[in-house]
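In: just coords:
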């Protein structure tokens with residue numbers, strides 16, 4: 001009987017360990033959906049906000065269970081085996097506590113967090129009122145340190161969090177790629193965004209208006225670099241809409257380097273109202289072009305162009 005009581009307290013330890021995990025990782029939106037606007041929903045969402053109160057509750061429950069399980073298991077094996085029972089009690093208590101009091105309950109709670117919260121809220125809600133004074137003691141140092149602490153996550157961590165959010169339903173599947181783009185785009189080199197120079201549709205100086213209109217109709221772009229027929233240097237940028245005017249005007253080209261961050265280039269082009277940038281290498285030779293739309297698509301996904 002003594003051994004059974006000790007093993008029972010290991011299961012109680014597992015219950016509190018699982019609760020700690022479930023209430024931390026539970027999605028409040030899913031909890032609200034499962035409780036369907038009942039009084040339990042109000043209690044569950046309130047407790048999910050008060051993490052310090054929950055941690056106090058689970059900490060007390062876990063520690064009491066560990067002490068009591070150790071006491072009853074040790075008592076049983078000392079009575080049954082004498083002094084050698086101490087070693088057996090340590091082995092049984094440690095393994096039982098790790099497997100059934102920590103690992104399995106936390107793994108199960110992580111997979112069924114929202115349902116775990118809904119099932120146990122009727123127990124934790126009244127107990128939380130009793131332990132609220134203890135929670136205030138734990139909350140005081142947190143308030144002092146809160147101004148000094150900042151959340152620091154790497155971009156891989158953020159991308160992992162986005163995938164997890166999509167998996168548990170807090171981020172919609174169609175929204176997840178856009179959110180991920182916001183973080184992955186920071187590491188995207190300009191070379192992956194720009195159009196290589198040999199694939200750029202260029203117009204040679206001296207080309208007649210009729211031929212230019214044919215090129216525009218065939219390619220469908222709104223802007224074209226104009227290069228000198230003899231030297232191959234860039235004379236300017238031609239806007240397709242300007243072909244409707246009696247006199248065609250070339251816009252001065254905006255140059256950039258391949259080492260610039262796309263976020264910086266995006267801000268610069270926005271401030272200067274530039275729509276196209278010509279990328280130059282160290283020898284100031286063009287190696288590609290990038291448009292404002294190309295940069296924007298790295299953050300928000302594909303943009304439909306006007307036909």
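Out: Cool, got the structure. As the structure is a prediction and not an experimental result, all values here were calculated from the model.

In: Next, the contact list for residue 207, please.
Out: Counting by C-beta atoms under 8 Å, 6 or more residues apart in numbering, residue 207 makes contact with nothing. Quick note: C-beta positions are derived from backbone N, CA and C, even for glycine.

In: Over to residue 6?
Out: Residue 6 neighbours (C-beta under 8 Å, 6+ apart): 68, 69, 70, 71, 72, 73, 75, 76, 93.

In: Next: residue 72.
Out: Counted by C-beta under 8 Å, 6+ apart, residue 72 has contacts 2, 3, 5, 6, 9.

In: how close does it get to residue 12?
Out: When distance is defined by C-beta to C-beta, to the nearest Å, residue 72 is 12 Å away from residue 12.

In: Residue 65 too?
Out: For residue 65, the distance to residue 12 - C-beta to C-beta - is 4 Å.

In: of those two, who's got more company?
Out: Counted by other C-beta atoms under 10 Å, residue 65 and residue 12 do not tie: residue 65 has more neighbours, with 22 against 18.

In: circling back: which ones among the contacts of residue 72 map onto helices?
Out: Using DSSP state H, the subset of the contacts of residue 72 located in helices is 2, 3, 5, 6, 9.

In: Of those residues, which is the nearest to residue 205?
Out: residue 9 (87.9 Å; C-beta to C-beta).

In: Verify the stated contact: that closest one with residue 68.
Out: Yes. Counting by C-beta atoms under 8 Å, residue 9 does reach residue 68; the two are 4.5 Å apart.

In: okay, the two: which has more neighbours?
Out: residue 9 (24 against 17).

In: secondary structure element for the spatially closest residue to that one that is not a sequence neighbour?
Out: Leaving aside its chain neighbours, residue 9 sits nearest to residue 69 (3.6 Å; criterion: C-beta to C-beta, 6 or more residues apart in numbering). Taking DSSP states H and E as the definition, residue 69 sits inside helix 51-81.

In: just residue 278 next, same as before
Out: If you go by DSSP H and E, residue 278 is part of strand 276-280.

In: which residues of the stretch 151-300 of the chain fall in helices?
Out: 155-168, 176-184, 190-193, 209-219, 262-272, 292-300 (DSSP state H, counting those that start in this stretch).

In: that older thread, which of the contacts of residue 72 sits closest to residue 218?
Out: Residue 218 lies nearest to residue 9 out of the contacts of residue 72, by C-beta to C-beta, at 79.8 Å.

In: For residue 73, see how far away that closest one is.
Out: Note on residue 9: its distance to residue 73, by C-beta to C-beta, is 9 Å.

In: next one: residue 2
Out: Going from residue 2 to residue 73 by C-beta to C-beta gives 8 Å.

In: now swap in residue 91 and tell me
Out: For residue 91 relative to residue 73 (C-beta to C-beta), the value is 10 Å.

In: Those two: which has the busier surroundings?
Out: residue 73 (26 against 11).

In: Not counting its neighbours along the chain, what's nearest the more buried one?
Out: With sequence-adjacent residues excluded and distances taken as C-beta to C-beta, 6+ apart, residue 73 is closest to residue 6, at 3.7 Å.

In: And residue 248, by the same measure?
Out: Excluding its sequence neighbours, the residue lying closest to residue 248 (C-beta to C-beta, 6+ apart) is residue 242, at 5.4 Å.
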